[in-house]
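Chemist: Got a sequence here, can you model it:
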Amino acid sequence: MSIASVTPYPVRLRTDYAEMSLFFVRVETSDGAVGWGEACDSFGISYPTVLARLVEDVWSPAVLGAAGDAALAGLEATRRAVARTLGSTYSVAQSLSAVEIAVRDATAREAGAPLTMGTARLRDRLRVYAGNSHFLESRSAEGHLDLLQPLLSRGVGIIKMRIGEQWQRAMAVLADLRELLPDIEIMVDGSELFSVAEAREMAQRLADLRVGWFEEPVAATRMGAIAQISNASAVPIAYGEHLFSTDHMLETTDAAAISVVQPDASICGGMGEAHRMGQAALGRGARVVMHLHGSPITIAANAIVAAGLPTVDVIEYPFHLSPMLDRVAPRAGFGIDAIVDGTLAIPSGPGLGIELDVDAIEAGRRAFIDT
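Modeler: Numbering: from 1, shown residues only. Below is the predicted model:
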């Protein structure tokens with residue numbers, strides 16, 4: 001068996017929140033096994049044609065004609081080789097992620113075996129935390145509660161809310177929401193929007209509201225700024241969706257004192273890198289949870305990574321994507337209705353363990369081409 005073809009798939013799909021572009025990669029082996037991978041840049045993917053060109057010019061030559069382990073080794077060697085010319089972050093890492101996941105999926109399907117990261121799967125289910133893309137200041141606490149209710153009714157006990165530029169208004173709404181949900185774990189995402197002074201003031205207020213972590217208050221590239229916030233904050237500071245390798249993560253934990261790490265296999269270079277990142281972060285004493293904002297491919301890849309890491313039992317669940325998840329992989333069990341006691345089952349079939357509706361993906365591909 002060897003890798004016979006690598007095909008990039010820019011697609012456009014409708015969600016409850018917005019029309020969303022995504023980026024998939026389809027890998028087929030010489031024996032006809034098909035694997036799928038996905039890239040993410042925090043919210044689907046912003047420039048899928050850029051990623052397609054990287055797949056065609058950089059990553060495909062590294063795997064075509066190679067078997068599974070040799071193909072993965074070729075990707076790793078190519079990543080090192082292009083680091084000085086193309087870099088190793090953002091689009092380079094994201095496009096690599098899609099190919100790496102697809103190669104792993106195809107190889108495991110060829111063998112008829114489920115993917116496993118590490119020595120064994122340590123759990124069969126993961127707790128989900130409800131990721132909300134609506135800014136806190138966009139509506140009242142009661143309005144947010146209405147959005148969250150389908151998740152809360154399924155036993156979800158962890159939610160993450162976003163704070164936009166009107167952060168003083170957002171804080172007032174968050175205080176009201178805390179009164180409505182006294183026993184729910186609440187986290188806050190800053191979306192890299194704030195100054196150090198703003199973030200430090202916000203962190204003080206968030207501590208009073210018993211917030212579990214404060215995510216990305218400033219840009220992930222600003223190590224000194226993150227360190228100032230971390231050292232002054234009683235709330236743990238979280239980063240991950242803009243950390244592109246294990247070395248990058250370790251530099252950030254050491255230099256900027258973050259204490260929550262959020263790997264994402266569709267961002268950092270694939271499932272292997274996400275697993276290494278999680279292991280290293282746990283070794284630094286960080287809390288590790290899986291980041292996620294993509295299709296069922298990304299959910300399956302990150303769930304399988306989490307299943308191979310001790311104590312990593314929480315994964316993000318952007319609930320506004322649920323209708324899209326059901327369209328792309330209707331039998332994967334990733335819709336809101338599949339949540340039981342606040343948890344989702346980790347796929348157990350061959351490869352990523354899910355079957356995609358290829359017609360839905362092709363329709364999304366045509367929608368991208370036509371716009």
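Chemist: contacts, neighbours, all on C-alpha from now
Modeler: Will do.
Chemist: Next one: Val235 from Ala203, what distance?
Modeler: 6 Å (Cα to Cα, to the nearest Å).
Chemist: average pLDDT for stretch 83-95?
Modeler: Average pLDDT, stretch 83-95: 97.
Chemist: my guess is Trp59 meets Leu96, correct?
Modeler: Yes. With contacts counted by Cα atoms under 8 Å, Trp59 reaches Leu96, the gap being 6.7 Å.
Chemist: list residues touching both of these two?
Modeler: Leu75 (Cα atoms under 8 Å, 6 or more residues apart in numbering).
Chemist: Of these two, give the one with the bigger neighbour count.
Modeler: Leu96 (31 against 25; other Cα atoms under 10 Å).
Chemist: what helix or strand is the residue nearest to that one when sequence neighbours are not counted on?
Modeler: Using Cα to Cα, 6 or more residues apart in numbering and skipping the chain neighbours, the partner closest in space to Leu96 is Gly269 (5.3 Å). For Gly269, there is no host helix or strand (DSSP states H and E).
Chemist: so what's Gly269 scoring on pLDDT?
Modeler: For Gly269, the predicted pLDDT is 98.
Chemist: Equivalent analysis for Val58, please.
Modeler: pLDDT, Val58: 98.
Chemist: so how far is Arg80 from it?
Modeler: From Val58 to Arg80 the distance is 12 Å (Cα to Cα).
Chemist: repeat for Pro350
Modeler: Pro350 is 30 Å from Arg80, by Cα to Cα.
Chemist: same thing with Ala234?
Modeler: Ala234 is 38 Å from Arg80, where distance means Cα to Cα.
Chemist: neighbour-wise, which of those two wins?
Modeler: For Ala234 and Arg80, the more surrounded residue by other Cα under 10 Å is Ala234, and the numbers stand at 20 against 11.
Chemist: If I follow the layout properly, that one ends up in contact with Arg205?
Modeler: No. The pair Ala234 / Arg205 is not scored as a contact, 9.8 Å apart, by Cα under 8 Å.
Chemist: Show me whatever sits in contact with both of the two.
Modeler: In contact with both Ala234 and Arg205: no residue, using Cα under 8 Å, 6+ apart.
Chemist: And the strands in the stretch 51-200 of the chain, which stretches?
Modeler: 125-135, 158-162, 185-189 (DSSP state E, counting those that start in this stretch).
Chemist: Columns mean neighbour count and mean pLDDT on top of the ones you listed, output as CSV?
Modeler: Shown next, in CSV, are those (neighbours: other Cα atoms under 10 Å; pLDDT from 0 to 100):
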stretch, mean neighbour count, mean pLDDT
strand 125-135, 21, 93
strand 158-162, 22, 96
strand 185-189, 22, 97
